[in-house]
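> Provide a 3D model corresponding to the input given below.
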Amino acid sequence: MFSIGTLNLDNPFILAPLAGYSDLAFRLQCREFGAGLCFSEMISCHGLHYRQQNTLDLLRTVLTERPVAMQLFGSEPEIMGEAATILSEYPIDCIDINMGCPARKVIKKGAGCYLMKLPTLAAKIIRAVVQGSSLPVTVKFRSGWDHKSITACDFAKMAEDNGAAAITVHARTWSDGFSGTADWRIISQVKQAVSIPVIGNGDVQSHGDGLRMLAETGCDGVMIGRGALGAPWIFSADAPENPSLAFRLAALNRHLALIAQHQPDTPPSQIKNHAGRYFKGVPGGAEIRRQIFSQTSFASLEEVISSYSPVLP
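The predicted model follows:
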């Protein structure tokens, strides 16, 4: 459908990097439902520099999930370049630079969306990552710092000029966080400002929303974040928009099987955060979620989920 450098994607719908959620099992689940590309949760350049085990654990991948992209964050060009070189040794297909995270702990380090206030430093980081990597490099950022400084078009051109193969625009400002409505007009403006592929992000809660974003903005790809949590079928044009309980249970069972196969050491709290979301807005879902969150082990969680299956039509 479109290309990021040498990487060809067969579906313009892409899984966003989601801290605490975009692990290997969830990425595989989204790929099975048709996602053209999945991004890892953000990876610290310092964690790679010091070879910290908890950072290296985030790099887990398997052949069946390719293509896959890993997202870096940091504020020091030299260390970001070194981290890109380390990442390039892994069986991955793309490196993304996080310049859009609004979390205060990231902002305090001068990383994430704070770099939109420092475009000269951001340019140095992009150049360092491009020079340090043999893979296509993308950049994810926001509309701007606040509504008085909507700088996405200039920032996008800067990223292109410094070697980015594609960009992702979350159509909210830092000051918005994840509230309010994403302004898709910004995505359209950025698309017209650059010649590299533009991936739109923000307020895609269904496959239909994604198709509408493509049509309204002219963007090349659609990145889906929170809309995919508990709904990995959002990447599929064939899946129902509001699936039955049986469909959701089957999808969750598959997700649990992927966790057992690839990430048996996943903390129960993380598994429950995923599992509970499968039943949001479903009749009887509140009771299922209550039972899910009362479990203390993977085995008991599997037992609770399987207990619902025999009574389904």
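> For the rest of this, base every contact and every neighbour count on C-alpha atoms.
Fine.
> residues of the lowest-mean-pLDDT helix or strand in the chain that come out buried?
Lowest on mean pLDDT, DSSP states H and E among the helices and strands of the chain sits helix 298-308, with a mean of 89. Buried residues in helix 298-308, defined by neighbour count with 16 or more other Cα atoms under 10 Å: Phe298, Leu301, Glu302, Ile305.
> Contacts only, for the third one.
To tie it back to what came earlier, the one meant is Glu302. Asn253, Leu256 (Cα atoms under 8 Å, 6 or more residues apart in numbering).
> cutoff 6 Å now
Contacts for Glu302 (Cα atoms under 6 Å, 6 or more residues apart in numbering) come out as none.
> longest helix of this structure?
In the chain, taking DSSP state H as the definition, the longest helix is helix 245-262.
> so for that one, what's the average pLDDT?
Helix 245-262 comes out with an average pLDDT of 94.
> Okay, buried residues for that helix please.
Per 16+ other Cα under 10 Å, helix 245-262 contains these buried residues: Leu245, Arg248, Leu249, Ala251, Leu252, Asn253, His255, Leu256, Ala257, Leu258, Ile259, His262.
> Taking the residues you listed together, which two end up most distant?
Using Cα to Cα, the pair of the buried residues of helix 245-262 lying farthest apart is Leu245 and His262, separated by 25.6 Å.
> Helices of the protein, residue ranges please.
24-32, 45-49, 53-57, 77-88, 104-107, 119-132, 152-161, 184-193, 207-217, 245-262, 268-277, 285-293, 298-308.
> Please list the outside residues in contact with the second one.
Contacts made with helix 45-49 from outside it, assessed by Cα under 6 Å, 6+ apart, are listed as Thr55, Gly74, Met80, Ala83.
> State the distance from the third one to Glu41.
Spelled out, it's Met80. 16 Å (Cα to Cα, to the nearest Å).
> out of the two, which sits in the more crowded spot?
The residue with more neighbours, out of Met80 and Glu41, is Met80; 28 against 22, by other Cα atoms under 10 Å.
> now the protein, which segments are flagged as low pLDDT?
309-313 (pLDDT under 70).
> just to revisit the earlier point, put together JSON lines for the buried residues of helix 245-262, with distance to Gly36 on each row.
As requested, those are exported to JSON lines (distance: Cα to Cα, whole Å):
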{"residue": "Leu245", "distance to Gly36": "26"}
{"residue": "Arg248", "distance to Gly36": "22"}
{"residue": "Leu249", "distance to Gly36": "24"}
{"residue": "Ala251", "distance to Gly36": "19"}
{"residue": "Leu252", "distance to Gly36": "21"}
{"residue": "Asn253", "distance to Gly36": "22"}
{"residue": "His255", "distance to Gly36": "18"}
{"residue": "Leu256", "distance to Gly36": "22"}
{"residue": "Ala257", "distance to Gly36": "22"}
{"residue": "Leu258", "distance to Gly36": "19"}
{"residue": "Ile259", "distance to Gly36": "21"}
{"residue": "His262", "distance to Gly36": "21"}
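> Among those, which one lies nearest to Asp161?
Using Cα to Cα, these come closest to Asp161 at His262, 39.2 Å.
> excluding its backbone neighbours, what's nearest the closest one?
Ala25 (6.7 Å; Cα to Cα, 6 or more residues apart in numbering).
> I'd say the one you found and Leu256 touch.
No. Using Cα atoms under 6 Å, Ala25 is not in contact with Leu256, being 8.3 Å away.
> what's the spacing between the closest residue to Ile107 other than its chain neighbours and Ser307?
Computed as Cα to Cα, 6+ apart, the closest residue to Ile107 that is not its neighbour in sequence is Tyr114, at 5.4 Å. Per Cα to Cα, Tyr114 is found 47 Å from Ser307.
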